[in-house]
Each structure stands twice: as structure tokens, then as C-alpha cells.
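Pasting the sequence and the predicted model now:
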Amino acid sequence: MRNPQILLASRPAGEPTPDNFRLVETETPPLADGQVLVRHHYLSLDPYMRGRMNEGRSYAQPQPLGEVMIGGTVGEVVESRHPGFAPGDHVVGMGGWQQYSVVDAAQPGLLRKVDTRTIPLSAYLGAVGMPGATAWVGLTQIIAPKAGETVVVSAASGAVGGAVGQLAKARGCRVVGIAGGPEKCGYVTGELGFDACIDHKANGDLKSMLKALKETCPDGIDGYFENVGGVILDAVMLRMNAFGRIAMCGMIAGYNGEPIPMANPSLILVSRLKVQGFIVSEHMNLWPEALKELGGLVASGRLKYRETVAEGLASAPEAFIGLLKGRNFGKQLVKLV
């Protein structure tokens with residue numbers, strides 16, 4: 001079958017541009033024993049992809065030039081030479097920026113069957129997928145909040161941040177979000193149920209962000225889920241209570257190579273903070289427990305989420321660039337069928 005694909009054509013210097021990507025078309029190869037042909041319905045776009053586009057050392061191998069861009073996908077099996085998969089099965093995997101993928105289904109973890117009767121297929125790339133699991137692992141394993149504690153979440157309207165706040169609310173916490181603009185902040189408090197939300201666009205410097213945190217977190221901050229870095233991290237650290245916990249998930253303020261210094265690292269010592277970075281793919285043993293809770297919450301309507309959907313594979317580069325600038329609302333997807 002004809003298979004449109006988007007390759008990484010060149011490595012970005014600073015912000016990515018459409019010229020860093022190339023759209024090509026190939027034919028899907030015939031299947032070997034144990035292989036499955038998947039037609040992708042949705043492609044996930046995520047901030048981690050920006051780090052993979054760089055040559056340098058990171059927590060994962062760089063995306064090779066001239067190869068299909070990495071990315072999570074959901075779709076359906078159209079042809080199978082593996083006994084565990086049949087045409088029509090809905091599956092989630094890492095098919096990349098392309099319409100079809102050939103998957104060696106015998107390799108554990110590459111392809112997972114999902115039930116779409118109570119959970120929409122697209123949710124397996126967001127609330128009941130990698131972003132949801134990221135939220136669950138960072139919150140439960142690093143922040144480990146107790147009822148009554150205050151948890152702050154940056155990028156609170158995004159796929160990860162929105163889930164963090166709702167999971168923390170379910171555990172009896174006071175939850176304060178940080179998001180960009182009044183519309184996103186209104187969604188965070190109105191629809192996601194956070195106790196308060198700070199607009200970082202209206203509080204762009206350390207002094208005003210700190211003032212907003214003092215107003216919304218009168219008892220200080222016990223846990224912080226970090227997605228951005230920069231001024232926001234500096235302000236939060238000044239409000240952290242003794243023995244506070246910070247889950248370092250992302251540092252989007254520095255994804256295009258900008259320096260992201262920390263203004264007061266001595267606060268880690270003074271406030272006896274736990275600051276821990278984590279990568280969700282290194283905690284696969286926890287995914288079943290995480291996805292069970294997340295799936296139950298989504299199926300029952302208790303976990304809310306929003307999706308921004310770009311149409312067609314060719315729209316993926318512009319949608320990805322927009323994601324890094326915060327133009328999306330909630331989970332950014334590309335609809336491929």
C-alpha cells in the first residue's frame with residue numbers, strides 16, 4: 001500500500017521550521033511471519049520530540065536523519081501474520097509520522113490491543129496513554145501527595161498537566177495550575193476542577209509570579225510537577241515548604257537551546273527539597289496500575305481532557321511547531337483517516 005511518511009530532513013538550529021521535515025511516499029513491504037500491518041488513525045505530537053531532533057546527549061537516542069519521525073500512534077490492524085492480532089483489532093504503538101507501520105508483534109511492548117467500547121481510540125494517546133502515565137508516575141511516585149497538601153502544576157491545560165491536577169484532586173489535595181492565557185486558565189479551573197490557576201502570560205516576571213503564588217498557595221507548596229523551567233521554577237522554589245517534592249518532567253523553556261539557569265539552587269538545601277527527574281518509559285512496571293486508574297476515570301467521565309486535532313499527515317510539522325509555542329489546547333493529535 002502507498003504509505004506517506006514524514007522524515008527528519010535536518011536538525012533544527014534553535015526553533016524547528018517546516019524545512020526540517022520532508023514528506024515522502026513509499027510502499028509497505030510484504031509481511032513476514034510474526035508481523036502486523038497497522039493503519040494509523042491518529043498520531044501523537046509531544047514536546048519530547050524536540051529533544052530527539054538534536055544531535056547531542058539526552059535521555060534518549062537522537063532521531064536519525066532521513067528516517068520516519070518518532071511518535072505514538074493508534075490505529076487498526078489491517079493485515080496480520082501474528083496469532084495474537086487480527087484485522088480490525090484496535091492497537092496503540094510507536095508507529096511514527098506515517099500512515100501505515102509494519103510491526104514485529106512478537107517483540108513485547110511494541111503493540112498493545114486496546115478496548116474502544118468505553119474509551120475513545122484517541123484517548124489512548126493522551127489521558128489513557130503516555131501523557132496520562134507520565135502524570136500518574138510523577139505524582140504518585142515522586143510527589144506522593146497526602147490529602148490536604150498543596151500541589152502546583154505547570155503547563156496545567158496540557159495533556160500531562162491536566163491529568164496531574166485531576167489525579168491530585170482525587171487524592172484530596174489543593175491544586176493550583178499555571179497556564180498561558182485567560183482561556184486556558186478558565187478551562188483549568190472550570191472544567192478540570194483545579195482550585196486556582198495562574199496566567200503566566202500576565203505574570204511573566206519573578207516578582208509577579210511569586211505574588212500570584214503567595215495569593216493562591218497561602219500555606220506554601222508541598223509538591224510541584226514541573227514541565228517548563230525558567231522563571232516559573234524559580235518562583236515556585238521560593239514558595240516550597242520544607243521537605244517539598246518536585247517531579248521534573250520537562251523543561252520546555254530550554255527546548256530550543258535557550259539557557260535555563262536556576263536562580264536559587266541553595267533553596268534545595270535550605271528547604272530540604274527532593275528534586276527528581278524521571279522518564280516514564282523507564283517505569284513500564286507501573287503502567288498497568290496507572291492505566292487501570294486512568295482508564296476507569298476516563299470511562300466514567302471523571303477525568304476530563306481536551307484534544308487539538310490537526311487534519312492529515314502533511315499538517316504534522318506546523319502542528320508540532322505550534323505545540324512548542326503553546327498554540328494547542330490540551331493533547332495535540334494529527335488525524336490520519
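Received it, and whenever you're ready, just let me know what you need. This is a predicted model, so every value here is computed, not measured.

so the residue nearest in space to the middle of the chain, which of the three states?
With distances taken as C-alpha atoms, centre = their mean, the residue of the chain nearest its centroid is Pro131 (4.0 Å). Here Pro131 is helix, with the state taken from DSSP: H, G, I helix; E, B strand; the rest coil.

Just the pLDDT for Gln61.
For Gln61, the model assigns a pLDDT of 84.

so how far is Ala159 from it?
Gln61 sits 23 Å away from Ala159, going by C-beta to C-beta, to the nearest Å. (Glycine included, C-beta is placed from N, CA and C.)

For these two, indicate the residue with more neighbours.
Ala159 (28 against 8; other C-beta atoms under 10 Å).

what sits against the more buried one?
By C-beta atoms under 8 Å, 6 or more residues apart in numbering, the contact list for Ala159 reads Asp46, Gly126, Ala127, Pro131, Gly132, Tyr305, Gly330, Lys331, Gln332.

let's see 6 Å
Gly126, Pro131, Lys331 (C-beta atoms under 6 Å, 6 or more residues apart in numbering).

Tally up the residues packed near the last one, please.
For Lys331, the tally of surrounding residues (other C-beta under 10 Å) stands at 28.

give me every residue that touches it.
Counting by C-beta under 6 Å, 6+ apart, Lys331 touches Gly126, Ala159, Glu307.

so what's the residue nearest to the centre of the chain closest to, chain neighbours aside?
Nearest residue to Pro131, sequence neighbours excluded (C-beta to C-beta, 6 or more residues apart in numbering): Ala159, at 3.8 Å.

For the one you found, give me the pLDDT.
With respect to pLDDT, Ala159 scores 94.

Quick check: phi and psi on it?
In terms of degrees, to the nearest 10, the main-chain angles of Ala159 are phi -60, psi -40.

can you map out the helices along the protein?
Assigned by DSSP state H, the helices in the chain fall at 48-52, 130-137, 159-170, 182-190, 206-216, 231-239, 266-270, 287-299, 316-324.

any chance of those in CSV, plus distance to Tyr100?
Formatted as CSV, those follow (distance: least, C-beta to C-beta, whole Å):
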stretch, distance to Tyr100
helix 48-52, 20
helix 130-137, 21
helix 159-170, 25
helix 182-190, 35
helix 206-216, 46
helix 231-239, 40
helix 266-270, 48
helix 287-299, 25
helix 316-324, 15
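
Could you tell me the least trusted of those?
Ranked by mean pLDDT, the helices of the chain end with helix 48-52 in last place, scoring a mean of 93.

That one: how far from the chain's middle?
Remark: helix 48-52 is offset 11 Å from the chain centroid, using C-alpha atoms, centre = their mean, to the nearest Å.

Residues contacting that helix, please?
Residues contacting helix 48-52 (C-beta under 6 Å, 6+ apart): Ser58, Gln63, Ile70, Tyr255, Leu324.

ok, how many other residues are close to the nearest residue to Leu45 once chain neighbours are set aside?
Nearest residue to Leu45, sequence neighbours excluded (C-beta to C-beta, 6+ apart): Gln332, at 4.4 Å. Look at Gln332: counted by other C-beta under 10 Å, it has 26 neighbours.

The one 3 residues further on too?
A count of nearby residues for Lys335, using other C-beta under 10 Å, gives 16.

And for Ala235?
26.

ok, the residue nearest to it when sequence neighbours are not counted to Gly165 distance?
Leaving out its chain neighbours, the residue that sits closest to Ala235 by C-beta to C-beta, 6+ apart is Met209, at 4.0 Å. To Gly165, Met209 is 18 Å away according to C-beta to C-beta.

ok, and the most crowded of the contacts of helix 48-52?
Counting neighbours by other C-beta under 10 Å, the top entry in the contacts of helix 48-52 is Tyr255, with 22 neighbours.

Would you quantify the distance from the closest residue to it other than its chain neighbours to Asn3?
Residue nearest to Tyr255 in three dimensions, not counting chain neighbours: Arg50, with 4.4 Å by C-beta to C-beta, 6+ apart. Counting by C-beta to C-beta, the gap from Arg50 to Asn3 is 25 Å.
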